[in-house]
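[1] Sequence and predicted structure, then a few things I'm wondering about:
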Amino acid sequence: MLGYFFMVGNRYTRMVFQGACFSFEMSLLKRTKRIIMGKKNIIFDVGGVLFEAHLGETAQHKLFVPIKKGIELLHDVVRSAADEGHQLFICTNWSSHYMNILEQEHPAITRYFKALVTPTIAHAKKPDPKMLQYILDTYNLVPHASVLIDDLFENVEAAKRVSMEGIHVYQHDFDHVRRELTRFGILR
(Lines give C-alpha, C1' and ligand atoms only; values in the text may rest on other atoms or scores of the structure.)
Protein backbone atom coordinates (compact mmCIF):
# COMPACT_ATOMS: atom_id res chain seq x y z
CA MET A 1 0.00 0.00 0.00
CA LEU A 2 2.55 2.54 -1.10
CA GLY A 3 2.18 5.85 -2.84
CA TYR A 4 4.94 7.47 -4.83
CA PHE A 5 5.03 11.24 -5.25
CA PHE A 6 6.95 13.11 -7.86
CA MET A 7 7.11 16.73 -8.98
CA VAL A 8 5.64 17.81 -12.29
CA GLY A 9 6.17 21.52 -12.76
CA ASN A 10 4.99 23.08 -9.49
CA ARG A 11 2.47 20.30 -8.69
CA TYR A 12 2.80 17.13 -6.72
CA THR A 13 1.52 14.14 -8.66
CA ARG A 14 0.79 10.77 -7.13
CA MET A 15 1.14 7.25 -8.44
CA VAL A 16 -0.70 5.02 -5.98
CA PHE A 17 -0.82 1.30 -5.63
CA GLN A 18 -3.96 1.23 -3.44
CA GLY A 19 -2.04 3.33 -0.93
CA ALA A 20 -3.08 5.42 1.98
CA CYS A 21 -1.51 8.76 1.24
CA PHE A 22 -4.43 10.78 2.55
CA SER A 23 -2.61 12.26 5.57
CA PHE A 24 0.30 13.53 3.44
CA GLU A 25 -2.12 15.06 0.93
CA MET A 26 -4.09 16.76 3.73
CA SER A 27 -0.90 18.10 5.27
CA LEU A 28 0.20 19.52 1.92
CA LEU A 29 -3.26 20.98 1.35
CA LYS A 30 -3.28 22.64 4.78
CA ARG A 31 0.18 24.17 4.23
CA THR A 32 -0.86 25.44 0.80
CA LYS A 33 -4.07 26.91 2.24
CA ARG A 34 -2.09 28.73 4.97
CA ILE A 35 0.17 30.24 2.32
CA ILE A 36 -2.76 31.29 0.13
CA MET A 37 -5.12 32.36 2.91
CA GLY A 38 -2.61 33.61 5.50
CA LYS A 39 -1.44 37.07 6.40
CA LYS A 40 0.01 38.95 3.44
CA ASN A 41 2.35 41.90 3.13
CA ILE A 42 1.36 44.41 0.47
CA ILE A 43 4.10 46.80 -0.56
CA PHE A 44 3.02 49.81 -2.60
CA ASP A 45 5.16 52.09 -4.70
CA VAL A 46 3.96 55.69 -4.44
CA GLY A 47 4.66 57.35 -7.78
CA GLY A 48 2.51 56.08 -10.63
CA VAL A 49 0.51 53.85 -8.27
CA LEU A 50 -1.00 56.06 -5.58
CA PHE A 51 0.12 59.57 -6.53
CA GLU A 52 1.40 61.60 -9.42
CA ALA A 53 4.14 63.95 -8.30
CA HIS A 54 4.55 67.56 -9.30
CA LEU A 55 8.02 67.85 -7.83
CA GLY A 56 9.57 71.27 -7.92
CA GLU A 57 6.20 73.08 -7.97
CA THR A 58 5.69 76.08 -5.74
CA ALA A 59 4.62 75.70 -2.14
CA GLN A 60 1.18 77.09 -3.08
CA HIS A 61 0.32 73.86 -4.89
CA LYS A 62 0.19 70.34 -3.57
CA LEU A 63 3.17 68.31 -4.73
CA PHE A 64 1.28 65.02 -4.79
CA VAL A 65 -1.95 64.48 -6.68
CA PRO A 66 -3.77 61.25 -5.79
CA ILE A 67 -4.45 58.75 -8.58
CA LYS A 68 -8.17 58.09 -8.08
CA LYS A 69 -8.18 54.40 -9.02
CA GLY A 70 -4.98 53.78 -7.07
CA ILE A 71 -6.45 55.33 -3.91
CA GLU A 72 -9.70 53.37 -4.39
CA LEU A 73 -7.63 50.19 -4.66
CA LEU A 74 -5.71 51.15 -1.51
CA HIS A 75 -8.98 51.62 0.42
CA ASP A 76 -10.17 48.16 -0.70
CA VAL A 77 -6.85 46.63 0.36
CA VAL A 78 -7.06 48.44 3.72
CA ARG A 79 -10.54 46.96 4.34
CA SER A 80 -9.21 43.50 3.49
CA ALA A 81 -6.15 44.09 5.67
CA ALA A 82 -8.37 44.91 8.64
CA ASP A 83 -10.31 41.66 8.16
CA GLU A 84 -7.35 39.39 7.38
CA GLY A 85 -4.45 40.97 9.29
CA HIS A 86 -2.46 41.96 6.22
CA GLN A 87 0.31 44.56 6.60
CA LEU A 88 0.88 47.49 4.24
CA PHE A 89 4.19 49.15 3.42
CA ILE A 90 5.46 51.85 1.09
CA CYS A 91 8.66 51.27 -0.86
CA THR A 92 9.61 54.25 -2.98
CA ASN A 93 12.60 55.76 -4.70
CA TRP A 94 11.37 59.20 -3.68
CA SER A 95 13.54 60.89 -1.08
CA SER A 96 12.71 61.00 2.62
CA HIS A 97 12.19 64.75 2.20
CA TYR A 98 9.38 64.18 -0.31
CA MET A 99 7.88 61.41 1.81
CA ASN A 100 7.73 63.82 4.77
CA ILE A 101 5.83 66.26 2.56
CA LEU A 102 3.52 63.45 1.42
CA GLU A 103 2.80 62.59 5.07
CA GLN A 104 1.95 66.25 5.74
CA GLU A 105 -0.27 66.62 2.66
CA HIS A 106 -2.03 63.25 2.94
CA PRO A 107 -1.94 61.98 6.54
CA ALA A 108 -5.22 60.08 6.05
CA ILE A 109 -3.50 57.97 3.37
CA THR A 110 -0.04 57.46 4.86
CA ARG A 111 -1.43 56.33 8.24
CA TYR A 112 -2.44 53.01 6.66
CA PHE A 113 1.18 51.95 6.23
CA LYS A 114 3.30 50.21 8.82
CA ALA A 115 6.45 51.74 7.30
CA LEU A 116 7.56 54.07 4.53
CA VAL A 117 10.89 52.90 3.12
CA THR A 118 13.03 55.23 1.01
CA PRO A 119 16.51 54.80 -0.50
CA THR A 120 17.99 56.74 2.41
CA ILE A 121 16.56 54.25 4.88
CA ALA A 122 17.30 51.09 2.88
CA HIS A 123 20.71 52.21 1.53
CA ALA A 124 19.58 50.99 -1.89
CA LYS A 125 17.25 52.08 -4.68
CA LYS A 126 14.84 50.03 -6.76
CA PRO A 127 15.33 48.05 -8.97
CA ASP A 128 18.20 46.91 -6.74
CA PRO A 129 16.73 43.88 -4.93
CA LYS A 130 18.62 44.99 -1.79
CA MET A 131 15.91 47.59 -1.20
CA LEU A 132 13.20 44.95 -1.12
CA GLN A 133 15.39 42.58 0.87
CA TYR A 134 15.80 45.38 3.42
CA ILE A 135 12.01 45.46 3.94
CA LEU A 136 11.82 41.67 4.20
CA ASP A 137 14.66 41.52 6.74
CA THR A 138 13.78 44.59 8.81
CA TYR A 139 10.11 43.70 9.25
CA ASN A 140 10.65 39.93 9.30
CA LEU A 141 8.39 39.35 6.29
CA VAL A 142 7.96 36.03 4.49
CA PRO A 143 8.89 36.65 0.83
CA HIS A 144 6.28 34.36 -0.74
CA ALA A 145 3.58 36.07 1.37
CA SER A 146 4.65 39.52 0.14
CA VAL A 147 3.64 41.37 -3.01
CA LEU A 148 5.02 44.56 -4.54
CA ILE A 149 2.68 46.81 -6.54
CA ASP A 150 4.80 49.05 -8.76
CA ASP A 151 4.47 50.99 -12.00
CA LEU A 152 7.92 49.97 -13.30
CA PHE A 153 8.41 46.49 -14.71
CA GLU A 154 12.07 46.31 -13.64
CA ASN A 155 11.00 46.86 -10.01
CA VAL A 156 8.47 44.02 -10.29
CA GLU A 157 11.26 41.80 -11.63
CA ALA A 158 13.44 42.81 -8.66
CA ALA A 159 10.65 41.64 -6.33
CA LYS A 160 10.65 38.25 -8.02
CA ARG A 161 14.43 37.99 -7.53
CA VAL A 162 13.86 38.07 -3.74
CA SER A 163 11.01 35.50 -4.00
CA MET A 164 8.22 38.05 -3.65
CA GLU A 165 5.24 38.38 -5.94
CA GLY A 166 5.05 41.47 -8.10
CA ILE A 167 2.22 43.26 -9.86
CA HIS A 168 3.03 45.70 -12.63
CA VAL A 169 0.66 48.68 -12.82
CA TYR A 170 0.93 49.21 -16.55
CA GLN A 171 -0.67 52.44 -17.80
CA HIS A 172 -2.86 52.71 -14.69
CA ASP A 173 -4.57 49.36 -15.41
CA PHE A 174 -5.92 48.89 -11.89
CA ASP A 175 -8.40 46.24 -13.08
CA HIS A 176 -5.38 44.00 -13.73
CA VAL A 177 -4.00 44.81 -10.26
CA ARG A 178 -7.37 43.90 -8.68
CA ARG A 179 -7.45 40.57 -10.51
CA GLU A 180 -3.94 39.75 -9.34
CA LEU A 181 -4.68 40.75 -5.74
CA THR A 182 -7.76 38.53 -5.85
CA ARG A 183 -5.66 35.67 -7.20
CA PHE A 184 -3.19 36.18 -4.32
CA GLY A 185 -6.05 36.02 -1.81
CA ILE A 186 -5.75 39.66 -0.75
CA LEU A 187 -9.00 40.92 -2.28
CA ARG A 188 -12.23 38.96 -2.67
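    It's in.
[2] residue ranges for the helices of the chain, please.
    22-37, 68-84, 96-105, 107-110, 119-122, 129-138, 153-161, 174-183 (DSSP state H).
[3] can I get these in JSON lines with mean neighbour count and distance to V49?
    C-beta: built from backbone N, CA, C; applies to glycine. Listed next are the helices of the chain as JSON lines, based on neighbours: other C-beta atoms under 10 Å; distance: least, C-beta to C-beta, whole Å:
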{"stretch": "helix 22-37", "mean neighbour count": "11", "distance to V49": "24"}
{"stretch": "helix 68-84", "mean neighbour count": "16", "distance to V49": "5"}
{"stretch": "helix 96-105", "mean neighbour count": "16", "distance to V49": "13"}
{"stretch": "helix 107-110", "mean neighbour count": "13", "distance to V49": "12"}
{"stretch": "helix 119-122", "mean neighbour count": "16", "distance to V49": "17"}
{"stretch": "helix 129-138", "mean neighbour count": "19", "distance to V49": "15"}
{"stretch": "helix 153-161", "mean neighbour count": "18", "distance to V49": "10"}
{"stretch": "helix 174-183", "mean neighbour count": "16", "distance to V49": "9"}
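[4] Select, out of those, the one closest to V46.
    Of all the helices of the chain, it is helix 96-105 that lies closest to V46, at 6.9 Å by C-beta to C-beta.
[5] if I look at the residue positioned nearest the centre of the chain, how far off is A159?
    Centroid check for the chain by C-alpha atoms, centre = their mean gives V147 as the closest residue, at 2.4 Å. Plainly put, V147 is 8 Å away from A159 if you go by C-beta to C-beta, to the nearest Å.
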